Each structure stands twice: as structure tokens, then as C-alpha cells.
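Novice: this one's structure only:
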Ligand code: ADP
């Protein structure tokens, strides 16, 4: 049997396929486009490629020997796949599987940020979420990177060159956008601006984390965890060290695949 987690987020779609020993057989990350069905198809194609088989073969495996759990914003929109689990439960399961002593997960995705508190045995105790405003999410970083004509993956290395991080005073993405443009025009150095942008996300998410309460050990999940400048900013604001796992963006999909495994073991 295979166990499949499919995380259809606002910004990216992720699939992880596990075997019966919970080893990863294949995985993918694709940009969300034209709705969850199209995103799912693209993710299936890329996952199949990672496994050296065709998309048709992989879909047949899903049907004949697979258990599939969907999560993320688009999880209810996939005809034929009815096993759904919330992304909070999936991030909790994925993170606590990979990092059993984690008690607080800081999840920053494309359009929201969540702080998830876990019990000693890795179950979700409570969570707080910011989804009303793009500031403090990946969207803020995506908008700023595009103004600066950079890829989001270049932000942290650029911020590392900063000697005097700029202060971004606007908390609203729209105002921050014009603030960044005018600071750039007035000669503020790009690394200083980028450091200020990353710090602004860290400061906002740290305020959310303080509301939820932070217990160590702390880890990050979601795509923004890949941004080392945001991670370090959060560490400084919260005065904790934050564990980093390069599979951070897949935590939700890994958790969904683990739920699929659990459902199959109970059946
Ligand atoms: P969602 O699940 O909400 O769709 P993700 O958890 O996939 O979102 O996170 C997407 C965000 O991650 C993007 O908006 C982007 O800012 C950030 N991101 C993605 N890849 C990288 C990278 N290589 N380096 C830094 N940030 C990244």
C-alpha cells in the first residue's frame, strides 16, 4: 500500500507519497494555479516524475493501492478524494513525527500564519491564526521580492549582507509597498531594505506567537521557514532557538500522508 498526503495551499500544492515503512517514495511542490484541480494535476505530474513513473500510473496507484488524505484550502474541491483533515492537524502530525519534542509550531504559509501548540504526546492543544492581513505571511515577502525584482529564495542571503537594517513602519502591505519603493529611491541599500522587510514579518508573527504562548521546543513549518532571515528574526524577538528542517514546506503533506496511514491501519 501507499499513503498519500496532498496539501492544496493558497500559494502552492504539495504531495508526499509514503510506503508502508513511512519512507518517502515521491514528493512535489508546485505553484497553485487555476484552482485546486489544476494544481492537483500539476502536483501529481511532478510527483510521478520524482518516482520515475507517468502521472497516469501514479493515479492508478492512488486508486488501487493508495489511501489519500487531502488538506489545505483546496482540500474539499477534489472530486473522488473524500478523506480530508484540517491543515492544522496535518502540520501538527507532520512536525511531531519528524521532531517528536516539538511543543510549538510556527507555520507561515502563502496567505496566513498560525501558531500551533502541541501536547506532550504530539497532539494539537490549541492554535492562533492570522489570515486577515497579508503582512506577516509569505504574500508580503512575495510582493516585496517582486518590487525588488528578486526571487523569494534570494531574500535571506541578501539580508545577510545588511549592515543597517531599514525600518519598515507600515504594517499594511499596500503602504509598505510604497514605503519600500520610496526608500529604494532615496538610496537605502537593498540588503538593508530586505533585512527590514524580513524583520517586519518576524515582528508580526512573534506578536501572534506571544499571544498563543511559546513553549520549547519550537519549530517552523510552511514555505517561509526556508527564509533564514525571518527565522533568525523570530528567534531574536522570542528569545528561543527555532529548529529548522529542510522539509518544512512539506510538513502539512507529510502529516496528511501519516493520517492516511493511520486511517488505513484502523480500517
Ligand atoms: P501555502 O501552503 O499557504 O500555499 P507555503 O507553505 O507553500 O504556502 O508557503 C509559500 C510561501 O513560502 C511563499 O509565499 C514564499 O514567500 C515562501 N517561500 C517559498 N519558497 C521559498 C524559498 N525557497 N525561500 C524563501 N521563501 C520561500
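Specialist: Nice, I can see it. The shown structure was predicted, so the numbers you read here are calculated from the model rather than taken from an experiment. Numbers count the residues shown, from 1 in each chain.

Novice: what's the residue of the stretch 151-267 of the chain found nearest the ligand in contact with, if anything?
Specialist: Closest contact between the stretch 151-267 of the chain and the ligand, by Cβ to the nearest ligand atom, is at residue 223 (2.1 Å). In short, each C-beta sits where N, CA and C put it, glycine included. By Cβ atoms under 8 Å, 6 or more residues apart in numbering, the contact set of residue 223 is 11, 12, 108, 109, 110, 138, 152, 248, 249.

Novice: Skipping its backbone neighbours, what lies nearest the first one in space?
Specialist: Nearest in space to residue 11, with sequence neighbours left out and distances taken as Cβ to Cβ, 6 or more residues apart in numbering, is residue 110 at 2.5 Å.

Novice: One more: the fourth one?
Specialist: Sequence neighbours aside, residue 222 is the residue nearest to residue 109 in space, at 4.2 Å (criterion: Cβ to Cβ, 6+ apart).

Novice: my guess is that neighbour contacts residue 115, does it?
Specialist: No: Residue 222 lies out of contact with residue 115 (Cβ atoms under 8 Å); the separation is 11.6 Å.

Novice: that older thread, among the contacts of residue 223, name the ones in helices.
Specialist: residue 138 (DSSP state H).

Novice: Go back to the contacts of residue 223 and keep what's next to the ligand.
Specialist: 11, 12, 109, 110, 138, 152, 249 (Cβ under 6 Å from any ligand atom).

Novice: Please produce TSV containing those, extended by distance to residue 169.
Specialist: Output for these, formatted as TSV (distance: Cβ to Cβ, whole Å):
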residue	distance to residue 169
11	26
12	30
109	25
110	24
138	21
152	22
249	30
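
Novice: one step back: which one's more surrounded, residue 222 and residue 115?
Specialist: residue 222 (27 against 24; other Cβ atoms under 10 Å).

Novice: What distance do you get for the more buried one to residue 194?
Specialist: Residue 222 sits 20 Å away from residue 194, going by Cβ to Cβ, to the nearest Å.

Novice: what helix or strand does residue 155 sit in?
Specialist: helix 155-159 (DSSP states H and E).

Novice: quick one on the thing from earlier: how near is the residue nearest to residue 11 to residue 1?
Specialist: Residue 110 is 31 Å from residue 1, by Cβ to Cβ.

Novice: Between those two, tell me which one has more neighbours.
Specialist: residue 110 (20 against 13).

Novice: got the residues of the stretch 1-150 of the chain near the ligand?
Specialist: 9, 10, 11, 12, 72, 109, 110, 111, 138, 139, 141, 142.

Novice: and the third one, how many neighbours?
Specialist: Just to be clear, that refers to residue 11. Neighbour tally, residue 11, other Cβ under 10 Å: 18.

Novice: Let me see the contact set for it.
Specialist: Contacts of residue 11 (Cβ under 8 Å, 6+ apart): 31, 32, 109, 110, 111, 138, 139, 142, 223.

Novice: How about the first one: what's its closest non-neighbour residue?
Specialist: Put plainly, it is residue 31. In space, residue 31 is closest to residue 12, 5.9 Å off (Cβ to Cβ, 6+ apart).

Novice: which parts of the stretch 151-267 of the chain sit against the ligand?
Specialist: Checking the stretch 151-267 of the chain against the ligand by Cβ under 6 Å from any ligand atom, the hits are 152, 153, 222, 223, 224, 226, 227, 249.

Novice: measure stretch 63-73 end to end?
Specialist: Distance across stretch 63-73, first residue to last, is 23 Å (Cα to Cα, to the nearest Å).

Novice: in it, what counts as buried?
Specialist: By neighbour count on 16 or more other Cβ atoms under 10 Å, the buried set for stretch 63-73 is 66, 67, 68, 69, 70, 71, 72, 73.
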